[in-house]
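Peer 1: predicted model and sequence below, questions to follow.
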Amino acid sequence: NAGVTQTPKFRVLKTGQSMTLLCAQDMNHEYMYWYRQDPGMGLRLIHYSVGEGTTAKGEVPDGYNVSRLKKQNFLLGLESAAPSQTSVYFCASSPLLYEQYFGPGTRLTVT
Amino acid sequence: RKEVEQDPGPFNVPEGATVAFNCTYSNSASQSFFWYRQDCRKEPKLLMSVYSSGNEDGRFTAQLNRASQYISLLIRDSKLSDSATYLCVVGSTDSWGKLQFGAGTQVVVTP
């Protein structure tokens, strides 16, 4: 099993550009999450999904959109990137309410 | 006030020594507690769950104090490979399926 994978691993965007981060899991987990991690701060939840076709806002959803069209994939979109969105983005999936498995992360820089 | 607070450290520990650190949480509805480990520029990985009665996993011991709303992690006989950031993670019944992450405590084990 590959577990949780994320694409791409690194990306540099200019302000105003858009992009989509892809998260895929092969563990048949119901729950999937997108977090961002910034220096000195804990992981902050952006959006999450409790099943195929469902999404919900987390703690810091502004500027991001998500979709979960297939159970194994959870996409995070940035419509118009801003320097404040420079961060490391982690995707996670979970078979239960709380135990989470993380992907390797995407390092995004917005200039 | 952050929901989960940790001393950022670093805790510099000689190899073979014992190190312990705490994490406090503010939500009295918290029900699930975990320690995750995060190596530099890597994804967080579950180290251990924390049970009400306290639990041990090899050289690692976790304790929960509900009255004072903190959890602790103790590492005995520290190894160089224990150098990492340890994330305190809390789940509560009033934030279904979502976890609150502390910013982490850095441990550096020195030869």
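Peer 2: In hand now; what should we look at?

Peer 1: got the contact list for B:Glu3?
Peer 2: Going by CB atoms under 8 Å, 6 or more residues apart in numbering or on different chains, B:Glu3 touches B:Tyr25, B:Ser26, B:Asn27, B:Val90, B:Gln100. No exception for glycine: its C-beta is placed from N, CA and C like everyone else's.

Peer 1: list only buried entries from those residues.
Peer 2: B:Tyr25, B:Asn27, B:Val90, B:Gln100 (16 or more other CB atoms under 10 Å in any protein chain shown).

Peer 1: which is the next helix or strand following the worst-scoring helix or strand of chain B on mean pLDDT?
Peer 2: Sorting the helices and strands of chain B by mean pLDDT, DSSP states H and E puts strand B:99-101 at the bottom, at a mean of 88. As assigned by DSSP states H and E, the chain's next helix or strand after strand B:99-101 is strand B:105-110.

Peer 1: let me know the average pLDDT across that next one.
Peer 2: Average pLDDT, strand B:105-110: 97.

Peer 1: paired strands for that strand, with orientation please.
Peer 2: Strand B:105-110 has its sheet partners listed here by DSSP bridges as strand B:11-14 (parallel), strand B:84-92 (antiparallel).

Peer 1: pLDDT on stretch B:49-56, on average?
Peer 2: For stretch B:49-56, mean pLDDT is 90.

Peer 1: buried residues, that stretch. List them.
Peer 2: B:Val50.

Peer 1: can you give me the end-to-end span of it?
Peer 2: 10 Å (CA to CA, to the nearest Å).

Peer 1: how far off centre is it?
Peer 2: On the basis of CA atoms, centre = their mean, to the nearest Å, stretch B:49-56 sits 12 Å off its chain's mean C-alpha point.

Peer 1: what does that stretch contact?
Peer 2: For stretch B:49-56, the external contacting residues (CB under 8 Å, 6+ apart) are A:Glu99, B:Ser32, B:Phe33, B:Phe34, B:Trp35, B:Met48, B:Thr61, B:Ala62, B:Gln63, B:Leu64, B:Arg66, B:Ile71.

Peer 1: residues from chain A in reach of chain B?
Peer 2: Residues of chain A lying near chain B by CB under 8 Å from any CB of the partner chain: A:31, A:33, A:35, A:40-45, A:48, A:50, A:58, A:90, A:94, A:97-105.

Peer 1: what about those residues, which are in strands?
Peer 2: Of the residues of chain A next to chain B, the ones assigned to strands by DSSP state E are A:Tyr31, A:Tyr33, A:Tyr35, A:Arg44, A:Leu45, A:Tyr48, A:Phe90, A:Ser94, A:Tyr101, A:Phe102.

Peer 1: just the pLDDT for A:Ser87.
Peer 2: For A:Ser87, pLDDT reads 97.

Peer 1: ok, which residues in chain B are in contact with chain A?
Peer 2: Within chain B, the positions near chain A by CB under 8 Å from any CB are B:2, B:4, B:8, B:32, B:34, B:41-46, B:49, B:87, B:91, B:96-104.

Peer 1: narrow those residues to those that are buried.
Peer 2: B:4, B:32, B:34, B:43-44, B:46, B:87, B:91, B:97-104.

Peer 1: related to what we said a few turns ago, for PyMOL, what selects the buried ones among the residues of chain A next to chain B?
Peer 2: A single PyMOL command selects the buried members of these (16+ other CB under 10 Å):
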select buried, chain A and resi 31+33+35+42+43+44+45+48+50+58+90+94+97+98+99+100+101+102+103+105
